[in-house]
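**Q** Sharing a sequence plus its predicted fold:
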Amino acid sequence: MPEVSRALAGLNGMKAPGPDGFHGGYYKTFKKILLPHLTNLFNALRGETRLHPDMTLADIALLPKEGRDASRPENYRPISLLNFDIKLLAKILADRLNPMLTSLIHPDQVGFIPGRQLYENTRRGADLVWWAGSTRTPSLLLSLDAEKAFDRVTWPFLFRLLVRLGLPDNFINVIKALYENPRAQIKLQGASRSPFTISNGTRQGCPLSPILFVLALEPLLTRIRQSPHIQGVPLGNHRFTVSAYADDILLSLTDPLRSMRHLHDLLTHYGSLSGFKVNLTKSQAMPLHMSPEMVADMASSFRIPIVRTSLKYLGVSLTSDPTRLFSANIPPVIRQIKKDLEDWTEKPISWIGRIHSVKMNILPRLLFLFQALPVAVTRRDLAGIQSAIDAFVWQNKRRRVARKILYRPKTRGGLGLPNLYMYYCAAQLAQVVAWHAPAADRRWVTLETALTSPDRPHMALWLPRPSRPLPRTVCPAIANSLRIFDLACSKFSLATTPSPMTPLFRNPAFPPGMNLPDFKTLEASGLRRFGDILTGGKKVTFADLSARASLRPFDYFRFMQLRHYIDTEALVPIANTPLNWFEKLCSAASVPRGLISTIYYALCSGSKEWGELAYCARWEADLQESLTGDEWEEIWEATAKSSICVTHQEQSFKMLFRWYTTPVLLCRMGRTTSDLCWRNCGLQGTFIHLWWDCPRVKEYWGKVGRLLTSIFHRPVHVDPWDFLLSRPKTGFTNPEQSLLRCVLLAARRALASQWLSDVLPTMRLVKAKVSDVKLMEELTAIVRQTIPKFEKTWHLWEDYLGVTS
């Protein structure tokens, strides 16, 4: 039952339901009742029990393709809607298979495999294009177009493959139950539904579907790799022939004509077994340093379209000229983004909504390219698009908050507006971290290690730049990663100097170690970097190393050479130096999730612009009290949580950033002649005066305090930190804190709505504003299925209204 519960938690509860009409929210709401029955049902499928036909029935909704003739069936995109219980069962199976995929699927396949990412294949493709050009080797880059690949997989082939992989019979039986005579029906307005049987393919919308597909495709990729007649790129002891992201297959072939003939036969044979079909007339081939006669022969023999300058793969253009990789990809996207921002500028989007639009729409488009393309991007390249983002956020008006404040995350007193150049650096440094993963797990790392042999990128980069061995390659991807690393080291202290990560071998400071084969067995015992010379706080001994690996008698001499170097150069203090945050990432056993975000925030926090916040100092000066860092963090968190509604939340951030115009500011700008308070108290109208010190405003906040006392049935102290910035009050439960934030937000919104008036808001207006906040919270709770939490927060308000009505 815990397994079913975990799978249920991992599925989106608000997606459209299947034919039975029950979406995930129903299952999550009544999970205590349903889980035992679902568990019994799913366990029964391990034997010969079969699902009821209605469970495997799916609805197919048709979405019209934009700009196409709606009277033609092929101009609609079918979307399959499965019953939620079937998706839940498939999710359980997928969760069981996921941990095994890295051992079942070769690293050439990066689609839908945990820990593997799309950029691995685009970077590898760019490396191979550069290799072909630098070696002048006749080569072919071939992108295969698979016809409806997921829909064509034949089930007998799939089930036989699962048996061959050694999966348990009861596990395969459950998968067979999912695929036994499934049916689908098309949803058309006003038309009756006629179910039809599905006889092949993996099911759209099924969590197990992509896993089954990559398993079904793996025999083809294995045969391509192992075929002696299909020649890939030979580098060192490796051959790089095929890259795949699910059905997006890219082949890198040498001896192109011979390889293509055998590849064609192999695809035909595999298709006859599995249903997989490649349309060569829609595939693309990019010849690299092939003679015109070879290109013409290939085009006539295989009727495959030839592209000369660039080949589209996984959303990027791989150019035959590596120097054009930047211009073929990034400027077109930047131009489109600028056009989109101009179109959106006059739309009625709130200030914070505009920042969210940038984070959700603009950043993903650029971040994809920053990861997928191993090219140099400078601040100047991104200055234009960053300025266009500023113009969009501020609607071409004066900037009211400094950019460096907006760049900070909400948890650090900003709004998280993306700093594009920092994101570019973070994306590139994430690949530097990935260099340190085992090369066998990442083919692009294996490739780049082979290109730099006998040096290794993940070792050489930790040497001081003057001490690095001369690179045996000028591969642009490797050179750019080293450039970004060196830049980040100088600006953000990315590495300690000298670093415990410094390599012992291929280090010019230790001349015997420049001949790496002499020290291979010592390195295999775990002795690789300065930090490895200590074990348990003491210098490692030859006996320690012998216990880890089979060392030869000759290795003792090499160990003594190394020991002499360690003692002469006094490396023990360096080895004892604690690793900094980036060194820890690089030395971790695996690449962590959220790596780019982790690096991005670390870079931002380490920049010179990340200093004291001016608005914090001004608040402390106005209120004559200094807060600790933890107290400011509580205020920032409360500000971000003030309301789910962006329009309401915006007021909290404007208050935090001291957004509002005052008589003093207008007078200083020459807009008015008087700097006195608008509320006719005769005092100077500073920011804190208008919000707190004005006698009439103090009276207003006193009324708000009495309102809160009535709601919470206890005295609520009127404090500016609490009332203006929502600093959490001690002694309040979390639901009470949430309600307090909402009421104070409403009170501030009421006061801001009459900012230029000498009339203060009434408590009736404040209550109306509270009702506005409550409505938005309630609608969100309905959508998120969190009504119990909502009721726990708002019951005191409902009780108060019941008493006063």
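**A** Alright, I've got the coordinates.
**Q** Show me which positions of the lengthiest helix in the chain end up buried.
**A** Determined from DSSP state H, the single longest helix within the chain is helix 763-784. Residues of helix 763-784 classed as buried by neighbour count (16 or more other C-beta atoms under 10 Å): 765-767, 769-770, 772-774, 776-777, 781. Where C-beta positions appear, they are placed from N, C-alpha and C, glycine not excepted.
**Q** Just the C-alpha atoms of that helix, please, in PDB.
**A** Output in PDB follows, covering the C-alpha atoms of helix 763-784 (Å, rounded to 0.1, in the frame of the first residue of the first chain):
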ATOM      1  CA  MET A 763     -13.100  49.300   8.700                       C
ATOM      2  CA  ARG A 764     -15.900  48.400   6.300                       C
ATOM      3  CA  LEU A 765     -13.500  48.800   3.400                       C
ATOM      4  CA  VAL A 766     -10.800  46.800   5.200                       C
ATOM      5  CA  LYS A 767     -13.300  44.000   5.700                       C
ATOM      6  CA  ALA A 768     -14.200  44.100   2.000                       C
ATOM      7  CA  LYS A 769     -10.500  43.800   1.200                       C
ATOM      8  CA  VAL A 770     -10.200  40.900   3.500                       C
ATOM      9  CA  SER A 771     -13.100  39.200   1.700                       C
ATOM     10  CA  ASP A 772     -11.200  39.800  -1.600                       C
ATOM     11  CA  VAL A 773      -8.200  38.000  -0.300                       C
ATOM     12  CA  LYS A 774     -10.300  35.200   1.200                       C
ATOM     13  CA  LEU A 775     -12.000  34.600  -2.200                       C
ATOM     14  CA  MET A 776      -8.700  34.200  -4.000                       C
ATOM     15  CA  GLU A 777      -7.400  31.800  -1.300                       C
ATOM     16  CA  GLU A 778     -10.600  29.800  -1.500                       C
ATOM     17  CA  LEU A 779     -10.500  29.400  -5.200                       C
ATOM     18  CA  THR A 780      -6.900  28.300  -5.000                       C
ATOM     19  CA  ALA A 781      -7.800  25.800  -2.300                       C
ATOM     20  CA  ILE A 782     -10.500  24.300  -4.500                       C
ATOM     21  CA  VAL A 783      -8.100  23.900  -7.400                       C
ATOM     22  CA  ARG A 784      -5.300  22.500  -5.300                       C
END
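**Q** Which other helices and strands does that helix contact?
**A** helix 646-656, helix 695-712, helix 734-753, helix 787-804 (3 or more C-beta pairs under 8 Å, 6 or more residues apart in numbering; DSSP states H and E).
**Q** how about the helices in the stretch 301-450 of the chain?
**A** Taking DSSP state H, counting those that start in this stretch, the helices of the stretch 301-450 of the chain run over residues 325-344, 351-357, 363-372, 379-393, 403-407, 420-435, 443-452.
**Q** Can you list the buried residues in the third one?
**A** Looking back up the chat, that one is helix 363-372. 363, 366-372.
**Q** repeat for stretch 82-91
**A** In stretch 82-91, counting by 16+ other C-beta under 10 Å, buried: 82-91.
**Q** ok, back up a step: out of the buried residues of helix 363-372, which comes closest to T733?
**A** L363 (36.8 Å; C-beta to C-beta).
**Q** quick one, strands of the protein?
**A** Under the criterion DSSP state E, the chain contains strands at 57-64, 76-82, 139-144, 183-187, 196-197, 233-235, 238-240, 242-245, 248-254, 284-288, 310-313, 316-319, 534-535, 538-539.
**Q** List of residues touching the last one?
**A** To tie it back to what came earlier, the one meant is strand 538-539. Residues from elsewhere that reach strand 538-539 (C-beta atoms under 8 Å, 6 or more residues apart in numbering): 533, 563, 566, 572.
**Q** For T535, which non-adjacent residue is spatially closest?
**A** D544 (5.6 Å; C-beta to C-beta, 6 or more residues apart in numbering).
**Q** hang on, the earlier thing: tell me the least confident of the buried residues of helix 763-784?
**A** Confidence by pLDDT is poorest for A781 among these, given 91.
**Q** give me every residue that touches that residue.
**A** So A781 contacts 787, 789-790 (C-beta under 8 Å, 6+ apart).
**Q** quick one: I230 and H262 touch, right?
**A** Yes. Using C-beta atoms under 8 Å, I230 is in contact with H262, at 5.3 Å.
**Q** between these two, who's got more neighbours?
**A** I230 (23 against 16; other C-beta atoms under 10 Å).
**Q** Please name the spatially closest residue to that one (chain neighbours excluded).
**A** Excluding the flanking residues, the one nearest I230 by C-beta to C-beta, 6+ apart is S259, at 4.7 Å.
**Q** Low-confidence ranges, the stretch 651-800 of the chain, go.
**A** Within the stretch 651-800 of the chain, no stretch has pLDDT under 70.
**Q** again, but for the chain
**A** For the chain (pLDDT under 70), the answer is 439-440, 470, 472, 607-610, 805.
**Q** quick check: domain ranges of it?
**A** According to automatic domain parsing, the chain comprises the domains 2-317, 324-418, 504-579, 620-804.
**Q** and those domains as JSON lines, adding distance to Y601?
**A** Shown next, in JSON lines, are the domains of the chain (distance: least, C-beta to C-beta, whole Å):
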{"stretch": "domain 2-317", "distance to Y601": "20"}
{"stretch": "domain 324-418", "distance to Y601": "6"}
{"stretch": "domain 504-579", "distance to Y601": "18"}
{"stretch": "domain 620-804", "distance to Y601": "14"}
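**Q** Nearest to S597, out of the ones you listed?
**A** domain 324-418 (9.4 Å).
**Q** Pull up the distance across the closest one, start to finish.
**A** 27 Å (C-alpha to C-alpha, to the nearest Å).
**Q** can you tell me the distance between the two ends of stretch 533-547?
**A** OK, stretch 533-547 end separation, C-alpha to C-alpha: 15 Å.
**Q** From the geometric centre of this protein, which residue sits farthest away?
**A** G682 (54.9 Å; C-alpha atoms, centre = their mean).
**Q** how about the helices of the stretch 551-700 of the chain, start to end?
**A** Taking DSSP H, counting those that start in this stretch as the criterion, the stretch 551-700 of the chain carries its helices at 554-568, 572-575, 581-587, 595-606, 614-623, 629-640, 646-656, 663-668, 687-688, 695-712.
**Q** Which one, of these, ends up nearest to E120?
**A** When the helices of the stretch 551-700 of the chain are ranked by proximity to E120 (C-beta to C-beta), helix 595-606 comes first, at 13.5 Å.
**Q** Could you pull out the buried residues of stretch 662-676?
**A** Applying 16+ other C-beta under 10 Å to stretch 662-676 flags 662-664, 667, 675-676 as buried.
**Q** In TSV: the residues you listed, plus distance to R727.
**A** Output for those, formatted as TSV (distance: C-beta to C-beta, whole Å):
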residue	distance to R727
T662	22
P663	27
V664	25
C667	31
D675	29
L676	30
